[in-house]
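Undergrad: A predicted structure for the sequence below; I have some questions about it.
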Amino acid sequence: MINFHKRTFVKGCTWELSGAILLALIWYLYTGEAISASLFSIGYTVLRVGMYYLHERIWKRTSWGKSSLPKEEDSE
């Protein structure tokens, strides 16, 4: 399966959206301020999505922990 950049980005967005909703709810319950909770959650989520995207791209380029299939040897 090919891992396209767009798929990685959308995957990160959907994951972070669920986290943003939870974070905003917790922040709102703690402070009682809806605007503060929303702004904090949005800012934090934008940073997290960017970091997730970079993290995925770096790991895609890293060969550590991957194994390659053995090449067929010439039978002469």
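TA: Received, thanks.
Undergrad: Tally up the residues packed near Ala20, please.
TA: Using other CB atoms under 10 Å, the number of residues around Ala20 comes to 21. Using the backbone N, CA and C atoms, a C-beta is placed for each residue, glycine as well.
Undergrad: list the contacts for the residue nearest in space to the middle of the chain?
TA: Nearest to the mean C-alpha position of the chain, counting by CA atoms, centre = their mean, stands Tyr52 at 3.2 Å. Residues in contact with Tyr52 (CB atoms under 8 Å, 6 or more residues apart in numbering) are Gly12, Trp15, Glu16.
Undergrad: Show me the one in the residues you listed that has more neighbours than the rest.
TA: Glu16 (21 neighbours).
Undergrad: Tell me, what's the model's pLDDT at that one?
TA: Note for Glu16: predicted pLDDT of 78.
Undergrad: again with Met1
TA: At Met1, pLDDT is 60.
Undergrad: next one: Ile58
TA: 94.
Undergrad: Quick check: it vs Lys6, distance?
TA: From Ile58 over to Lys6 the distance is 18 Å, taken as CB to CB, to the nearest Å.
Undergrad: repeat for Tyr28
TA: Going from Tyr28 to Lys6 by CB to CB gives 32 Å.
Undergrad: who has more neighbours, the two?
TA: Tyr28 (17 against 7).
Undergrad: correct me, but that one touches Leu39?
TA: No - using CB atoms under 8 Å, Tyr28 is not in contact with Leu39, being 11.4 Å away.
Undergrad: nearest to Glu33, of the contacts of Tyr52?
TA: When these are ranked by distance to Glu33 (CB to CB), Glu16 comes first, at 21.7 Å.
Undergrad: Fine by me, we can end here.
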